[in-house]
Each structure stands twice: as C-alpha cells, then as structure tokens.
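Participant: coordinates for the following, if possible.
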Amino acid sequence: MTIPLHFNAFVMNTNSHIHHGQWRRPDAGQVDFEDVELWIDLAKKLEEAKFDALFFADVTGVYGDADADFDVYIREGLQIPSNDPIPLVAALAVHTSRIGLALTSNVAQSHPYQFARQVSTLDHISKGRVAWNIVTGLQDNGARNFGHPRLTDHTERYAWAEEYVDVTYKLWEGSWDEGALLKDRERGIYSDASKIHKINHVSERYSVQGPHLPSPSPQRTPVLYQAGSSESGRAFAARHAEATFIISPNPALAKQLIDDTRRQAVEAGRRAEDIKFFQGLSFVIGDTEEEAKAKAAEYEQYVSIDGYLAHSALVDKTGRVYDPETPLKDVETNTAKGFGEWVSKAITDREPLVRDVALLISRSTRIVGTPEQIADALVEWQEAGVDGINVINWVIPGSFEEFAEKVLPVLRERGLAQSEYGDDTTLRGRLFGAPRLNERHPAARYRGAFGRDAVASTGARVDEGGSDAAGSAAADLAEVPEAAR
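Facilitator: All right, here's what the predicted structure looks like:
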C-alpha cells in the first residue's frame, strides 16, 4: 500500500532565504516579506492545498566572520533584514485552522522558561498546531548578540541543547498533571493546586523553580523538529526529534543518514518510526520536459553568485566574496576543501572556479521536470526512507501555487499526497496519530514526576511546594548517554 508523503512549505521571514537572487524576479512576493498579508495569503493557500505545515527557518545573526565586513549580506538582503517568526506564527494561527505552524528557535536566544511559556501560548492559540525546530546556532555574530564571545564548540552546543530541552520538558509535561484545570464556577476553584507543581530544575546553565504558568496546551510539548546531520546532531535527533529536516544530495546518501539515525533511536529506547524525515527539495515544473528545462535556465538568469557564496561562507578573511573567476584551488577558507572535493566530481574537463560552486549549490536538491517526472523522483526519495518533503521556494507565493496546482494532483492520483487533513486537528495527531508525545520519548518520563507522592517515592527531599528541591526527582529517568555530555 502506498503511504502518502507529508509536505511542508519551507520559508523564512526574510527576503533571500535559500535561492539567492530570485527576489529580483517581478513575481517574487518575498521582497515584501514584512507585510503580514503576504504570509496570511500564503498560509491560506497552503492550507487549501492540504500542506501539513508552514515551516519557518530563522537565524540570530549575520553569516561569516563576526569581525569581518558584512556588506554582501546587506546588499543581497540575505537573511537581513529578517523578522522574528514567533509573532508571525501567532498571527497566522488565527487566520488558519488546520495547517501546522513550525518555528525555529535557537537555544541561546531565549531562556527556556520564557520560551516554553511562549510556545504553550502559541499551541493554545492554534489549538495544537505548533512545532519547534531545535537549533544550536550557526553564526559567531549570533552568539555575540546574546553575550557570548563566540559560537561554542559543536559538541558543547548539543550538550547545552540537552539541558535546554530538559527544562522545557519538565515544564510542558511535568508541571501540570492531567485534570489540574477545573474552571469550577460552583465551587469557585479554577485549578487544583495539588496537581500543579514546581519543577525546581538545577543544572549547569539553568535554575528554574516553576511552576509552568500556562495550563497544558492541546499538544503540551510541540512537535519537535531538528535539522542537524552531523554526528552530534544525529545523536540528538535520535533521542529527541520527532521530525528531522535533511538536505541530502541524493536518495542513497539520505538512506545512509536516515538508517543511522533510526538505529540510534532504537538504541535509545525508541522505535525507528518515531522519527519522520523531511528532505528539502525545490522544483522547476513544466508541462513538458523541454518547458521545465527552459524555466530552469530562466531561474539561473537570476542566480546571485555572491549570494550563494556568502551563504556558504566562501569568503576571504575580510568577509569579502571571492571573485567568481578565482580558481577554487586558490581559495583560503575552511569550507574550500569540502567544496573542492564536491565540485571536482562534477567538473573534470577544466579547473573549477568559485563561480562553479555557486551554480552547483543553486542546482543541488533541485528537481526539474514534468509533474509525472517529479512524482517518479519523489518515489525514489520515499524508497530511501524519506517521509516528507520540505518544499523550498524560488518565489513566494508562485512556487507553492504551481506545486499545488500541477504536482499535488499527480501525487494524489498515485497515493503519494493527502487529499484531506483527516479528523485529528493537532499537528502531532496528523503525523503520528495522537496529540501527545508517546511514552517512549524522554519528555514523557516527567509526567507525574513532581507530585508529592512521586517525589517522596524517590527518597528526595520534599520542600513546601511538594517537589524535589534538588531538581533530581526524575533526573535518573532521563539520563543522557555519556557520549552526549
């Protein structure tokens, strides 16, 4: 039996997100990204097309060396200016009723207590349609914007993320027991105090007493996305992610990454199917193959070489983008070796140039063809283990409108795309069949962990609030593997 793929629209509250230079096209609505009506219109169209979610990426600083010139990013509108997705998600929640709304938030940018409260509020407003893409940061400039001298070591950032999600799990899953919210007018009791608990979390970075101020939202914990494909990222995803965003260059490599992450998930006490994998792809669609190729050539006329190079950090020590005609062997940057190996496989009849890197990036994870050819290609991705697609746009809203009009009908005929949302109104319910995290997820272990009886049974000291004063009542239940510390 054919299983439908899930589809997210992968966007960012900015002008130039992934495909740089396309904002110059006359039909590129993203040039006015600060206009909320653009996003409301897009969200409604995606919901009508039965997309599973509108997924917002985000950053907290500019790319490149934090002390270098950043003029190229300003000139290109490359993720600067960009706006916070959290208020935008709130606005979209009240103009839609079924589509999921995923936001990205860096563990450095907001204290977990405040962030957990914001997300619970959004989940209430949307009636259970919120997802959180957990990221650890990419830019030194972003780290400095929050008081850190530089981006911390990659492994250390994931250890930080472990602490961060631990706080949010305790607040979302453990602070309020089921049935705590009463709204009992006759007795004059709004909530049952015996079922609401302080969490008294203490760790290296955080000290949070609690309780969580919002009452439990429809999902409690938002759907958990994660986008790391590194060794540390895969290990983190195996323990925590419900959905992982990947950008593999081909199905074979995607299968290797997916199989490894699912293997680690099973080792962590979860099931392989507890994680869904979303491959990022962009599409050039034509009624004929010739038309699709002609449209691809048209798109390439708008490609910004500088934009792709700057986004890939292929810049010199002053932050300047290399001249496009520079031989790649003459480039001095940490990313040059990897790019050199990649480009040398594609260009064998001449010396690869910096320009070639940008063009290859613009063409990577791009499918050019008719709706039928695109459907054939998506079958290959699904056979590699991919559960869904993050559709990357060239222009907003045109790229999504065209995909909905031309590709989705073909996919539905083959059973590869849903025609309706189904009965469950929550995002997790549509993805996994139930609105709440399953019992295999580490967050579930905090359910009932902070009540007086639960804490007393651990032998921990109980304070007047009836919770573990050392914050350890349930710590042994969520022990992090030694390799991840």
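
Participant: now stretch 235-255, how far from the centre of its chain.
Facilitator: Here stretch 235-255 is found 12 Å from its chain centre; the criterion is C-alpha atoms, centre = their mean, to the nearest Å.

Participant: oops, could you answer that again for stretch 366-373 instead?
Facilitator: That offset, for stretch 366-373, works out to 25 Å (C-alpha atoms, centre = their mean).

Participant: quick one: residues in contact with stretch 23-34.
Facilitator: With C-beta atoms under 8 Å, 6 or more residues apart in numbering as the test, stretch 23-34 has contacts from 13-17, 22, 38-39, 77, 81, 83, 302, 393-398. C-betas here are computed from N, CA, C, even on glycine.

Participant: can you select the buried ones among the residues you listed for me in PyMOL?
Facilitator: Per 16 or more other C-beta atoms under 10 Å, the buried members of these correspond to this PyMOL selection:
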select buried, resi 13+14+15+16+17+22+38+39+77+302+393+394+395+396+397
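
Participant: residues touching Thr155, list them.
Facilitator: Ser232.

Participant: using CSV, list the CA coordinates for the strand or helix carrying it.
Facilitator: Secondary structure from DSSP states H and E places Thr155 in helix 154-169. Extracted C-alpha coordinates of helix 154-169, given in CSV (Å, rounded to 0.1, in the frame of the first residue of the first chain):
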residue,chain,number,x,y,z
HIS,A,154,29.8,22.0,18.2
THR,A,155,29.6,19.1,20.7
GLU,A,156,29.2,21.5,23.5
ARG,A,157,26.3,23.2,21.8
TYR,A,158,24.4,20.0,21.7
ALA,A,159,25.2,19.4,25.4
TRP,A,160,23.7,22.8,26.0
ALA,A,161,20.6,21.8,24.0
GLU,A,162,20.2,18.7,26.2
GLU,A,163,19.9,21.0,29.2
TYR,A,164,17.6,23.3,27.4
VAL,A,165,15.1,20.7,26.3
ASP,A,166,15.2,19.1,29.7
VAL,A,167,13.8,22.3,31.3
THR,A,168,11.1,22.6,28.7
TYR,A,169,10.1,19.0,29.0
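
Participant: quick one: average confidence on it?
Facilitator: Here helix 154-169 scores 93 as its mean pLDDT.

Participant: strands paired with the helix or strand following that helix, and their directions?
Facilitator: Downstream of helix 154-169, the first helix or strand assigned by DSSP H and E is strand 181-184. Strand 181-184 has the following strand partners under DSSP bridges: strand 189-191 (antiparallel).

Participant: following the strand it pairs with, which helix or strand shows up next?
Facilitator: Toward the C-terminus from strand 189-191 - assigned by DSSP H and E - lies strand 201-202.

Participant: next SSE after that next one?
Facilitator: Defined by DSSP H and E, the subsequent element after strand 201-202 is strand 207-208.

Participant: roughly how far does the closest residue to Phe236 other than its chain neighbours sit from Arg150?
Facilitator: Distances taken as C-beta to C-beta, 6 or more residues apart in numbering place Tyr158 nearest to Phe236, at 5.1 Å, with adjacent residues excluded. Distance, Tyr158 to Arg150, by C-beta to C-beta, to the nearest Å: 17 Å.

Participant: have a look at those two and say which one is more surrounded.
Facilitator: Each of Tyr158 and Arg150 has its neighbours counted (other C-beta atoms under 10 Å); Tyr158 has more, 22 against 10.

Participant: what sits against that one?
Facilitator: Residues in contact with Tyr158 (C-beta under 8 Å, 6+ apart) are 136, 228, 232-233, 235-236, 484.

Participant: how near is it to Arg320?
Facilitator: When Tyr158 is compared with Arg320 (using C-beta to C-beta), they lie 32 Å apart.

Participant: now swap in Arg263 and tell me
Facilitator: Taking C-beta to C-beta as the measure, Arg263 falls 43 Å from Arg320.

Participant: ditto for Arg445
Facilitator: 50 Å.

Participant: those two - which one has more neighbours?
Facilitator: Between Arg445 and Arg320, counted using other C-beta under 10 Å, Arg445 has the larger neighbour count: 20 against 15.

Participant: helix, strand, or coil at that one?
Facilitator: At Arg445 the chain is in helix, as set by DSSP: H, G, I helix; E, B strand; the rest coil.

Participant: how close does it get to Arg363?
Facilitator: Arg445 is 45 Å from Arg363, by C-beta to C-beta.

Participant: what about Trp176, how many residues nearby?
Facilitator: For Trp176, the tally of surrounding residues (other C-beta under 10 Å) stands at 26.

Participant: please apply the same query to the one 10 residues further on.
Facilitator: Neighbour count of Glu186, defined by other C-beta under 10 Å: 5.

Participant: in which helix or strand would I find it?
Facilitator: Assigning secondary structure by DSSP H and E places Glu186 outside every helix and strand.

Participant: all strands of the protein, in order?
Facilitator: In the chain, the strands defined using DSSP state E lie at 6-12, 53-57, 100-106, 130-135, 181-184, 189-191, 201-202, 207-208, 223-226, 243-246, 276-285, 366-369, 388-392.

Participant: look up how far Arg363 lies from Tyr158.
Facilitator: 31 Å.

Participant: residues touching Asp52, list them.
Facilitator: Contact analysis of Asp52 by C-beta under 8 Å, 6+ apart lists 6-8, 99-100, 388, 418, 427, 430-431.

Participant: any stretches of the stretch 151-300 of the chain with poor pLDDT?
Facilitator: Within the stretch 151-300 of the chain, not a single segment meets pLDDT under 70.

Participant: cutoff 90 now
Facilitator: Low-confidence segments of the stretch 151-300 of the chain (pLDDT under 90): 151-156, 227-233, 249.

Participant: quick check, nearest of the contacts of Tyr158 to Gln109?
Facilitator: Using C-beta to C-beta, Thr136 is the member of the contacts of Tyr158 that lies nearest Gln109, at 10.8 Å.

Participant: the nearest residue to the closest one once chain neighbours are set aside: neighbour count?
Facilitator: Of all residues not flanking Thr136 in the chain, Arg157 sits nearest, at 3.8 Å (C-beta to C-beta, 6+ apart). By other C-beta under 10 Å, the residues close to Arg157 number 22.

Participant: surely Arg157 touches Ala143?
Facilitator: No - taking contacts as C-beta atoms under 8 Å, Arg157 lies outside contact range of Ala143: 9.5 Å.

Participant: who touches both of these two?
Facilitator: Applying C-beta under 8 Å, 6+ apart, one finds that Arg157 and Ala143 are jointly contacted by 137, 151.

Participant: mind listing what Asp84 touches?
Facilitator: Contacts of Asp84 (C-beta under 8 Å, 6+ apart): 13, 58.

Participant: how about 10 Å then?
Facilitator: 13, 56, 58, 60, 103, 105, 109 (C-beta atoms under 10 Å, 6 or more residues apart in numbering).

Participant: Val368 now?
Facilitator: 282-286, 289, 292-297, 299, 374, 377.
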